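S.K.: okay, structure incoming, though there's no sequence with it:
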């Protein structure tokens, strides 16, 4: 019985301890995308949401390409 308990405890621990994480990164560049800080933040934010949809990293010009080609 003790072996069964140890086996179940190990499987339970693996199921609980397994976690996945991810990151999305949006980038806007000064001065290419804007010279105003608020605009850079807005463009980087928009690029980040595109990165979340596509899974990874997105530069601001990628948003313009997606808008033009959708």
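M.R.: Perfect, thanks for sending it. Remember, predicted model here, so these are calculated numbers, not experimental data.
S.K.: mind listing what the residue most central in space within the chain touches?
M.R.: Centroid-nearest residue in the chain, with Cα atoms, centre = their mean: residue 24, separated by 2.2 Å. Residues near residue 24 by Cβ atoms under 8 Å, 6 or more residues apart in numbering: 48, 49, 51, 52, 55, 56, 57, 58. In short, each C-beta sits where N, CA and C put it, glycine included.
S.K.: tell me where the model's unsure across this protein.
M.R.: 1-2, 4-5, 8-9, 12-19, 64-70 (pLDDT under 70).
S.K.: mind running it again at 90?
M.R.: 1-27, 32-33, 46-70 (pLDDT under 90).
S.K.: show me which helix runs longest in it.
M.R.: Looking across the chain with DSSP state H, the single longest helix is helix 37-54.
S.K.: what sits up against that helix?
M.R.: 24-30, 33-34, 57-60, 62-63, 66.
S.K.: any idea how far stretch 51-62 is from the middle of the chain?
M.R.: 9 Å (Cα atoms, centre = their mean, to the nearest Å).
S.K.: repeat for stretch 30-37
M.R.: The answer for stretch 30-37 is 23 Å, by Cα atoms, centre = their mean.
S.K.: any buried residues in it, and which?
M.R.: 33, 34 (16 or more other Cβ atoms under 10 Å).
S.K.: got the end-to-end distance for that stretch?
M.R.: 9 Å (Cα to Cα, to the nearest Å).
S.K.: show me where the protein has helices.
M.R.: Taking DSSP H as the criterion, the chain carries its helices at 2-17, 37-54, 60-68.
S.K.: in the second one, what counts as buried?
M.R.: For helix 37-54, the buried set under the neighbour-count rule, 16+ other Cβ under 10 Å, comprises 40, 43, 44, 46, 47, 48, 50, 51.
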